[in-house]
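Q: Next comes the sequence, and after it the predicted model I'd like to discuss.
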Amino acid sequence: MLDKLISLESKFEELTEQLNDPNVVTDVSRYAKLAKQHRDLSVVVEKFREFRSLKEGLAETRALLDESSDPEMLELAREELLSLTNRISTCEEELKILLLPKDPNDEKNVILEIRAGTGGNEASLFASELMRMYTRFGERHNWKVQILSTSESEIGGFKECIAMIEGDKVYSKLKFESGVHRVQRVPQTEASGRIHTSTVTVAVLPEAEEVDIQINPKDLRVDTYCSSGPGGQSVNTTYSAVRITHLPTNTVVAIQDEKSQIKNREKAMRVLRARLLEVEMEKQQSAISSERRSQVGSGERSEKIRTYNFKENRVSDHRIGLTIHSLNLFMDGDLEEIIQALITHYQTEKLKEEAEAA
């Protein structure tokens, strides 16, 4: 580990010099690329320098213990030795996590797809509440949330909602949200007050760039039609709605929210690329059994990952056995506790794998 950290520090210093080169500063594209590499390395290098400083402090304290005969000074040195040892241990664990292989998609924006499952109108209402929850969570992180497509139910919920979320490391925060979300509560339409169970499916897809997924135009069938709203009434008398079918995989994306056919086609292509990238990712993961073991749950959309119980004001994540009793705050976008617990669990599993492989 030490050799790798020294190498990364050397690379960091090399990048620092390059960023101060006038020729690099005037090349906007190159400067941005180097600045990102520099920024990514800075976290590891700062932690490594803290670790090295602590080790030097530990050596000095041990020398003081060997040389001093003053009882009071010796007591202070022993306390400092214990403190430094604990801090070094913590710092070392943090460095191990920082050196774990990065998910190449962590930096990406996401396509968020929410669909009502079992439960009819109640499921559609909960789907709209989940969309609001993720929107509020996005606002807390200064992310941009843009609705790409919606299909409303008769009572105003979402049968389906597709959104683009753009910002800093969106996928790294939301990637464990894919799966079946179960809600237990008394529906607004229930006169007898009985608790019903409904489900909503969430899919979090990293946005795919054109370089990630190459799509042959000959593999696409593009249909245009007049967009419509709930009940089928005409909203737009022009053929602005777009349906794109990827023939080899029979993947279909329909977008009609914009009045412009060009904008709807652009949005549809973004969703299509994300879905095709997900298919490729699943193929890769299924081919690497150790990688699948390291996931939180299987990642399958059919898997129930979380239960929201409104009567008891609790939310339980079944993958890590965590329950919190503040569902009201959670639904208002305060997801950080569970998301951080999921990330920590994933990192712990990866560390176990690294240790077993060593």
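A: Received it, and whenever you're ready, just let me know what you need. Numbering: from 1, shown residues only.

Q: Helix or strand next in line after the longest helix belonging to the chain, which one?
A: Once the chain is assigned using DSSP state H, the helix that runs over the most residues is helix 28-67. Along the chain past helix 28-67, the next helix or strand (assigned with DSSP states H and E) turns out to be helix 71-98.

Q: Next, the angle helix 28-67 makes with that next one.
A: Here helix 71-98 runs at 150 degrees with respect to helix 28-67, directions being taken by axes from the mean of the first three to the mean of the last three CA atoms, to 10 degrees.

Q: pLDDT of helix 71-98, averaged?
A: Predicted confidence along helix 71-98 averages 87 (mean pLDDT).

Q: Just list what that helix packs against, helices and strands only.
A: The criterion is 3 or more CB pairs under 8 Å, 6 or more residues apart in numbering; DSSP states H and E, and the helices and strands that helix 71-98 contacts are helix 28-67, helix 336-357. Where you see a C-beta, it was placed from the backbone N, CA and C, and this is true even at glycine.

Q: Check which helices and strands the shortest one sits against.
A: Identification of packing neighbours for helix 336-357 by 3+ CB pairs under 8 Å, 6+ apart yields helix 71-98, helix 170-174, helix 289-293, strand 314-317, strand 322-324.

Q: Contact partners for the closest residue to residue 326 other than its chain neighbours?
A: For residue 326, the nearest residue in space outside its immediate sequence neighbours is residue 313; the separation is 6.9 Å by CB to CB, 6 or more residues apart in numbering. Neighbouring residues of residue 313 by CB atoms under 8 Å, 6 or more residues apart in numbering: 325, 326, 327, 328.

Q: before we move on, what about residue 137?
A: Under the criterion of CB under 8 Å, 6+ apart, the contact partners of residue 137 comprise 333, 334, 335.

Q: Then residue 200?
A: Contact partners of residue 200, counting by CB under 8 Å, 6+ apart, are 114, 115, 116, 117, 123, 126, 127, 130, 180, 181, 183.

Q: helix/strand/coil for the last one?
A: Okay, so that is residue 183. On the three-state scheme (DSSP: H, G, I helix; E, B strand; the rest coil), residue 183 is labelled strand.

Q: rewinding a little: so which of the contacts of residue 313 is the closest to residue 64?
A: For residue 64, the nearest member of the contacts of residue 313 is residue 326. The distance, counting by CB to CB, is 48.2 Å.

Q: Could you pull up phi and psi at residue 246?
A: Backbone geometry at residue 246, expressed as degrees, to the nearest 10, gives phi -90, psi 110.

Q: and it, bridged to which residues?
A: With DSSP bridges applied, residue 246 shows beta-bridge pairing to residue 220, residue 251.

Q: count of neighbours near it?
A: Residue 246: 19 surrounding residues under other CB atoms under 10 Å.

Q: thought it was touching residue 215?
A: Yes - assessed by CB atoms under 8 Å, residue 246 is found in contact with residue 215 at 7.2 Å.

Q: shared neighbours of those two, which are they?
A: When contacts are counted by CB under 8 Å, 6+ apart, residue 246 and residue 215 are jointly contacted by 272, 276.
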